[in-house]
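Chemist: sequence first, then the predicted structure:
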Amino acid sequence: MAGYCGKLLRVNLSTGEITKEELDIALAKKFVGGRGLGSYFLAEEVDPAVDALSAENKLIFATGPLTGSQAPASGRYMVVTKSPLSGTIACSNSGGFWGAELKRAGYDMIIVQGRSDKPCYISVNDDAVEIKSAERCWGKLVSETTDLLLEEAGDAKARVLTIGPAGERQLLLACIMNDRYRAAGRSGVGAVMGSKNLKAIVVRGSGKVATAKPEAAKEVLKRVRQMLKENDITGKGLPTYGTSSLVNVINEHGIYPTRNFQRGHFETADKVSGEALAEQYLVKNVACYACPIACGRRVKVGDVQGEGPEYETLWAYSADCGVDDLAAVIRANNWCNEYGLDTISSGTTIACAMELYEKGYIKPDEIDGPALEFGSSEAIVEWTRKMGAGEGFGARLAAGSYRLAESYGAAELSMSVKKLEMPAYDPRGVQGHGLEYATSNRGGCHVRGYMISPEILGIPEKLDRFSVDGKAGWVKRMQDLTAVIDSTGLCLFTSFALGADHYRDMYNAIVGEDWTTEEMLEAGERIWNLERRFNLKAGVGADEDRLPRRLLEEPILAGAKEGQVHRLAEMLPEYYQERGWDAKGVPTEERLAQLGLA
């Protein structure tokens with residue numbers, strides 16, 4: 001057995017039953033692992049129409065065959081479930097060390113089902129697996145919980161995955177944290193964990209991931225590490241300034257959404273850039289498991305010390321809220337880490353609330369905290385805290401921007417797709433990336449087919465970002481490749497330096513396969529169609545493949561090319577054709593059969 005451990009762990013919280021099952025390796029290879037295999041189990045075992053916060057929903061923690069291996073940046077794992085925020089399939093990715101430790105313990109996946117009567121956590125120490133009481137740490141912040149459970153484990157090398165109070169309260173923007181600062185952030189997966197009264201999973205392992213072809217692996221891994229080192233982004237930009245190295249680049253291109261996507265350029269972005277973060281608050285770089293890039297930032301401002309903010313977080317709390325106070329952004333990010341909140345959705349929901357307040361929808365007497373005014377440092381920090389605590393109006397914010405705006409009859413002011421808030425790129429200035437937002441299987445997401453690479457960064461080649469020609473095919477290919485990368489357990493940032501052939505070579509050497517690049521990409525397409533079919537059965541169809549009206553009808557005011565709108569209607573039919581779907585965005589039986597999904 002190489003790459004895969006060949007074993008999955010199933011924990012029924014309703015009955016207390018714990019079972020270890022052999023993994024069907026042929027099935028695992030068909031869906032690669034991680035995102036793909038987790039999505040397969042969810043689709044097979046959960047009714048897509050299920051209430052996401054009911055005991056019938058399942059919560060799957062899935063590693064990839066390269067997670068915990070010798071491959072660079074191989075610390076990723078996925079959380080797969082039905083999203084309570086969007087109603088779509090949820091697949092949230094996180095790094096750090098927890099995923100690699102689960103592989104060391106001998107498991108490819110944990111499937112959690114049912115609901116515990118009392119707060120509990122799962123302890124995994126190689127073959128020893130127990131369900132234990134978590135009443136001691138229920139209600140605690142993420143850092144407090146991590147400390148308590150490490151003390152209880154009696155092993156400082158154990159790895160802790162946990163929810164914060166936001167997840168306990170089943171707030172829809174709740175995420176799952178691991179290794180204190182790493183987050184499976186999007187789609188409300190923390191609320192699902194909280195609905196099961198599951199506080200944490202503590203893992204310790206003593207094994208290692210085997211390699212099928214050691215000599216071949218040695219050669220290919222040496223080559224890809226050198227490529228990562230020599231690449232301008234993975235070898236220079238990310239190590240030097242972290243993900244926030246993108247701030248000035250995106251702002252200069254006029255696609256840095258400002259004040260809830262009303263503009264595309266933030267006048268004082270340099271005050272809240274990666275360069276400013278490194279100069280003023282950086283303590284040191286931080287790397288995930290086996291990662292030579294080390295894009296993580298350990299920062300300190302006053303009495304607050306932690307990791308982050310990442311690029312998307314920094315944007316959501318600064319430009320999108322009109323705030324150029326970097327210290328306030330760090331403090332807001334810290335509250336997200338401690339309460340277990342999705343930083344992107346939290347910041348952009350506050351931005352949406354600020355526009356609702358500005359336009360008179362939200363009245364001053366409705367709120368029990370700072371005025372929701374663009375530019376307010378106090379507002380972004382205190383409202384984040386109140387969201388995590390579920391206090392007053394903060395609880396309404398913690399349901400996300402779509403539900404908030406809809407409650408005022410102004411759903412069009414939510415900058416979201418399928419109720420998931422969009423990240424830090426204005427689609428009016430990047431046509432392909434906007435198509436990716438609209439068609440993403442989990443909603444407004446930038447990491448399901450990162451078209452910023454070709455449209456802005458010129459990777460693997462430079463495309464005209466304002467053109468719609470050929471973008472449908474590009475988006476499909478990027479989505480399929482990303483599905484594979486997610487499923488292997490590798491970090492998506494490696495794709496700045498590596499191409500499809502490199503992922504093929506690493507998979508083949510470690511797992512012992514002889515995949516062609518075409519076979520690998522077909523696996524990605526299989527995963528994408530599997531997710532799409534789940535969403536259709538859940539009632540999320542082509543009518544949800546859309547962007548907010550503002551982006552389709554209101555010309556961008558500043559940045560990009562003034563006057564630009566997004567031309568989604570011109571690309572969507574071609575995208576469906578590229579995918580082999582019918583005009584209503586439904587995969588044809590012929591295409592499903594070709595992909596082995598019939």
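Modeler: That came through fine.
Chemist: what comes up buried for stretch 385-392?
Modeler: 385-390 (16 or more other C-beta atoms under 10 Å). (Each C-beta comes from the backbone N, C-alpha and C, glycine too.)
Chemist: scratch that, stretch 288-299 is what I was asking about
Modeler: For stretch 288-299, by 16+ other C-beta under 10 Å, it's 288-293, 295-297, 299.
Chemist: can you give me the end-to-end distance of that stretch?
Modeler: End-to-end span of stretch 288-299 (C-alpha to C-alpha, to the nearest Å): 16 Å.
Chemist: and stretch 441-457, by the same measure?
Modeler: 24 Å.
Chemist: flag the shaky bits of this protein, pLDDT-wise.
Modeler: For the chain, applying pLDDT under 70 flags the ranges 559-562.
Chemist: per-domain residue ranges of it.
Modeler: 7-204, 244-421, 427-496+516-594 (automatic domain parsing).
Chemist: include distance to Gly235 when you put those domains into JSON lines, please.
Modeler: JSON lines is the format used below for these (distance: least, C-beta to C-beta, whole Å):
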{"stretch": "domain 7-204", "distance to Gly235": "12"}
{"stretch": "domain 244-421", "distance to Gly235": "8"}
{"stretch": "domain 427-496+516-594", "distance to Gly235": "9"}
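Chemist: gap between the two ends of stretch 576-584?
Modeler: OK, stretch 576-584 end separation, C-alpha to C-alpha: 8 Å.
Chemist: how about it: buried residues?
Modeler: So, applying 16+ other C-beta under 10 Å, buried residues of stretch 576-584: 576, 578-581.
Chemist: then stretch 33-53?
Modeler: 33-43, 46, 48, 52-53.
Chemist: of those residues, closest to Val586?
Modeler: Pro48 (14.3 Å; C-beta to C-beta).
Chemist: show me what contacts the closest one?
Modeler: 82, 89, 534-535, 537-539 (C-beta atoms under 8 Å, 6 or more residues apart in numbering).
Chemist: circling back: from the buried residues of stretch 33-53, which two are the most distant?
Modeler: Gly33 and Leu53 (27.2 Å).
Chemist: endpoint to endpoint, stretch 447-467 covers what distance?
Modeler: Stretch 447-467: ends 21 Å apart by C-alpha to C-alpha.
Chemist: what's that stretch in contact with?
Modeler: With C-beta under 8 Å, 6+ apart as the criterion, stretch 447-467 contacts 93, 233, 249-250, 253, 255, 425, 429-433, 435-436, 440-442, 446, 470-471, 474-476, 478-479, 481-483, 492, 495-496, 499, 560-561, 564.
Chemist: from the buried residues of stretch 385-392, which land in helices?
Modeler: Using DSSP state H, the members of the buried residues of stretch 385-392 that fall within helices are 385-389.
Chemist: could the buried residues of stretch 576-584 be laid out in TSV, adding distance to Ala134 and secondary structure?
Modeler: Shown next, in TSV, are the buried residues of stretch 576-584 (distance: C-beta to C-beta, whole Å; DSSP: H, G, I helix; E, B strand; the rest coil):
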residue	distance to Ala134	secondary structure
Tyr576	46	helix
Glu578	47	helix
Arg579	43	helix
Gly580	46	coil
Trp581	44	strand
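Chemist: quick one: which of these is nearest to Met177?
Modeler: Distances from Met177 to those, taken by C-beta to C-beta, are shortest for Arg579, at 34.5 Å.
Chemist: burial count for the nearest residue to the closest one once chain neighbours are set aside?
Modeler: Closest residue to Arg579 apart from its sequence neighbours, by C-beta to C-beta, 6 or more residues apart in numbering: Lys476 at 6.0 Å. Applying other C-beta atoms under 10 Å, we find 25 residues neighbouring Lys476.
Chemist: quick one: contacts for Lys476?
Modeler: Applying C-beta under 8 Å, 6+ apart, the residues contacting Lys476 are 449, 525, 575, 578-579.
Chemist: same deal with Gly347?
Modeler: Gly347 touches 313, 315-317, 320-321, 332, 380, 384, counting by C-beta under 8 Å, 6+ apart.
Chemist: which stretches of the stretch 51-200 of the chain form strands?
Modeler: Remark: strands assigned in the stretch 51-200 of the chain by DSSP state E, counting those that start in this stretch are 59-63, 77-82, 89-94, 109-113, 120-125, 128-133, 159-162, 176-178, 182-184, 198-204.
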